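Enquirer: Quick one: sequence and predicted model below, then my questions.
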Amino acid sequence: MRARVVTLILKIIGKECPEYTEDQMAVVKYGLESIYILITKMIVLTLAATMMGIIKEFLIFLIFFGIIRSTAFGLHANKSWECYVSSFLLLVLPPWICLQFEMNFWIQLILGTFAIGYIYKYAPADTKNRPIVSQKRRKVYKIISTLTACLYVIASFYTPRFYANSLIAVLLIECLMISPGIYSFFHLPYANYRQYLKHVS
């Protein structure tokens, strides 16, 4: 289904923009595939959250995750089924879990401190398709990600149980997504900007 939709749109774009090169069309194709996966994934995840009765909590959790993810980045699954499964495990199941318990102050402090340090060390984590080549941009992303993590941890001590649990959980999930170990587990290259710079030089 995805291939049919993307191919159809590419044909339309090819007719409307005949001046596009093969490389430009490849970029367009990648963008269309990403958009298709994002839309269908969100539909599936929203339906799952609705069936579990946590649609509000899911959306809140998604916003928290999206904010830190936008600067810390991290792993992207290569295969669609991996993306759907991992998204359910990391974005739908955690909000439900966060509703079930109240985190101990010291555990919250330890996990939050760990997350801040880990994000400072490893963020931002790029991908093969989107290497963060600019050293200045990487530094800016690192600073913003670390500050965001600090704000999340501080806010977690002054918010209701679900919000507090979610803020810490989101940081831990992002730590997983930027970990060199998770890249290695899925056989994906890490610190892709280095390979890009080697290729350019």
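Expert: Perfect, thanks for sending it. Just so you know, these numbers come straight off a predicted model, no measurement behind them. Numbers count the residues shown, from 1 in each chain.
Enquirer: now the helix or strand encompassing residue 37, how far from the chain's geometric center?
Expert: According to DSSP states H and E, residue 37 maps onto helix 22-52. Distance of helix 22-52 from its chain centroid, counting by CA atoms, centre = their mean, to the nearest Å, is 13 Å.
Enquirer: Repeat that for stretch 132-146.
Expert: Distance of stretch 132-146 from its chain centroid, counting by CA atoms, centre = their mean, is 16 Å.
Enquirer: again, but for stretch 185-194
Expert: Distance, centroid of stretch 185-194 to centroid of chain: 15 Å (CA atoms, centre = their mean).
Enquirer: For that stretch, what is the spacing between the initial and final residues?
Expert: In stretch 185-194, first residue to last residue: 20 Å (CA to CA, to the nearest Å).
Enquirer: now what about that stretch, what contacts it?
Expert: Stretch 185-194 is contacted from outside by 75, 77-78, 82, 125-128, 131-133, 138, 180, 183-184, 195, using CB atoms under 8 Å, 6 or more residues apart in numbering. For glycine as for every other residue, the C-beta is placed from the backbone atoms N, C-alpha and C.
Enquirer: PyMOL command for the buried members of these?
Expert: Under the burial definition 16 or more other CB atoms under 10 Å, those of the contacts of stretch 185-194 that qualify are selected in PyMOL by:
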select buried, resi 75+125+126+127+131+132+138+183
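Enquirer: Which residue, other than its chain neighbours, is closest to the spatially most central residue of the chain?
Expert: With distances taken as CA atoms, centre = their mean, the residue of the chain nearest its centroid is residue 69 (4.8 Å). Spatial nearest neighbour of residue 69, excluding adjacent residues (CB to CB, 6 or more residues apart in numbering): residue 174 at 6.3 Å.
Enquirer: And that neighbour, how close does it get to residue 154?
Expert: Separation of residue 174 from residue 154 (CB to CB, to the nearest Å): 17 Å.
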